[in-house]
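Peer 1: Here's my sequence, what's the structure:
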Amino acid sequence: MPTPPVWAAPCRLTISTMPVKFWQRAAALAAWVAVWQLAAVSLGHGGLFLATPIQTLQALAQLAPTAVFWQRIVFSALRILTGFLLAVLGGLLLGALGGRRLEHTLANFCTGLGLAQKGIRATIQDERSRVTYVLPGEERVYPKEAFFYVSVFPLEGRAAGVCEHGSFYELEDAELTVGYPLGVSNEYAAGSDRMTISTREGALVVIETLAD
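Peer 2: This is a model prediction of the structure:
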């Protein structure tokens, strides 16, 4: 039987790790507790600025049986989780406009509408434009700020009873459809410092853009 070439021979990858013994873990923990104790004693003032390990355990033993302690733990955890989720969501929405793929931008417009329909006020913004939403039965005020153009599109295909006041081309009980972009590239009326936009049926996506 011929001998197989070296490259065809099976090989086995073995990863060896040295187990960490219990006493090593305990020694490391004890060292950090000692550092904690020394820091607390150095600061002094009876633990006003930094409590010692013993003071911390005593306070924990007193608070742990109380309901208020656990309520605050749960409340703090929920605040941290909410902040994390909002940060992730904001990063996704803001970062999405930085790419070069148009379908991703459109997908994020749709995602923002879905969030708005669930009661979460969503805003997508890049260096030139800001995107917000107006839901049926809602009226939103848009201060002029630094934006010059304001475009309104019926993201669900059709919107009826659309009103725009304070704009150069005002709308009153208008109907917008995706096949005829009537609301594109409007401007603030002369002397107007705000624009109000409302819709009776169908959600609107409002895009504010800086001047060219």
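
Peer 1: pLDDT below threshold where in this structure?
Peer 2: Within the chain, the ranges that satisfy pLDDT under 70 run 1-21, 45-48, 90-100.

Peer 1: hey, where'd the strands end up in it?
Peer 2: 124-125, 129-134, 138-143, 149-154, 158-165, 171-177, 186-187, 194-199, 204-209 (DSSP state E).

Peer 1: Same list (those) but as a markdown table, adding mean neighbour count.
Peer 2: Using the backbone N, CA and C atoms, a C-beta is placed for each residue, glycine as well. Shown next, in a markdown table, are the strands of the chain (neighbours: other C-beta atoms under 10 Å):
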| stretch | mean neighbour count |
| --- | --- |
| strand 124-125 | 18 |
| strand 129-134 | 20 |
| strand 138-143 | 14 |
| strand 149-154 | 21 |
| strand 158-165 | 18 |
| strand 171-177 | 15 |
| strand 186-187 | 18 |
| strand 194-199 | 20 |
| strand 204-209 | 20 |
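
Peer 1: The closest residue to Tyr149 other than its chain neighbours pairs with what?
Peer 2: Closest residue to Tyr149 apart from its sequence neighbours, by C-beta to C-beta, 6 or more residues apart in numbering: Thr209 at 4.3 Å. Thr209 forms beta bridges with Ser129, Tyr149, as assigned by DSSP bridges.

Peer 1: wait, what's in contact with Thr209?
Peer 2: When contacts are counted by C-beta atoms under 8 Å, 6 or more residues apart in numbering, Thr209 touches 128-129, 147-151.

Peer 1: any idea how far Glu127 is from it?
Peer 2: Distance, Thr209 to Glu127, by C-beta to C-beta, to the nearest Å: 11 Å.

Peer 1: now the lengthiest helix in the chain, how far from the centre of its chain.
Peer 2: Taking DSSP state H as the criterion, the chain has its longest helix at helix 67-96. Averaged C-alpha coordinates place helix 67-96 at 10 Å from its chain's average position (C-alpha atoms, centre = their mean, to the nearest Å).

Peer 1: Compute the inter-axis angle for it and strand 129-134.
Peer 2: Angle of helix 67-96 versus strand 129-134, following axes from the mean of the first three to the mean of the last three C-alpha atoms, to 10 degrees, is 120 degrees.
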